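A.B. asks: I'll drop the sequence and a predicted model, then ask my questions.
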Amino acid sequence: MSLEPRAFGQESEAAAARFLSQRGYRVVERNYRTARGEIDLIAYDGDTLVFVEVKARRGNSFGEPHWSVDRKKQARLWRLAYHYLHRHRLREQACRFDLVLIQAGRGQPPVIELLQNAFEVKGDRL
């Protein structure tokens, strides 16, 4: 994966979608956008709707990929998920937030890791 940043991101999201599909997830949306941001992937894992953030790195010079999903990013993902649920009339739908972490090394196949239920929304916000 020695692509330009945008192409690297797109290829990483495609790899994450394939990875999830191989594990039984059913991807229903890619790059769900609103004026407030984007959710990389939305999928069903059984009856649970999963909002997936994909984080990919070419190395560790900026830290591990999951470090970039701080409380501010979590809050933004929550707002985007709420918008999706409201728009699709899924307010009672069981859902969670997963992270797919991709570590791409030079000349080596990428290492992909899934963190299910990576963070929770506190209270009755969702």
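C.D. replies: Cool, got the structure.
A.B. asks: Angles on the backbone of residue 24, please.
C.D. replies: phi 90, psi 0 (degrees, to the nearest 10).
A.B. asks: For it, the count of nearby residues, please.
C.D. replies: 10 (other CB atoms under 10 Å). C-beta coordinates here come from the backbone N, C-alpha and C atoms, glycine included.
A.B. asks: residues contacting it?
C.D. replies: 45, 46 (CB atoms under 8 Å, 6 or more residues apart in numbering).
A.B. asks: Give me the nearest residue to the residue nearest the centre of the chain, chain neighbours excluded.
C.D. replies: The chain has residue 53 as the residue nearest its centroid, 1.7 Å off, counting by CA atoms, centre = their mean. Nearest residue to residue 53 in three dimensions, chain neighbours excluded: residue 99, at 5.3 Å (CB to CB, 6 or more residues apart in numbering).
A.B. asks: quick one: that neighbour from residue 4, how far?
C.D. replies: 23 Å (CB to CB, to the nearest Å).
A.B. asks: Between these two, point out the one with more neighbours.
C.D. replies: residue 99 (22 against 8).
A.B. asks: ok, back up a step: for the residue nearest to the centre of the chain, give me the backbone phi and psi.
C.D. replies: Dihedral pair for residue 53: phi -100, psi 130, per degrees, to the nearest 10.
A.B. asks: now swap in the one 4 residues further on and tell me
C.D. replies: The phi/psi pair for residue 57 (degrees, to the nearest 10) reads phi -140, psi 150.
A.B. asks: Residues in contact with stretch 25-38: which ones?
C.D. replies: 13, 17, 20-21, 39-45, 50, 76-77, 79-80, 83-84.
A.B. asks: Out of these, list just those in strands.
C.D. replies: Counted as lying in strands by DSSP state E, out of the contacts of stretch 25-38, are 39, 40, 41, 42, 43, 44, 45, 50.
A.B. asks: Might you report the residue contacts of the fifth one?
C.D. replies: If a contact means CB under 8 Å, 6+ apart, then residue 43 has 17, 20, 25, 26, 27, 28, 29, 49, 50, 52 as its contacts.
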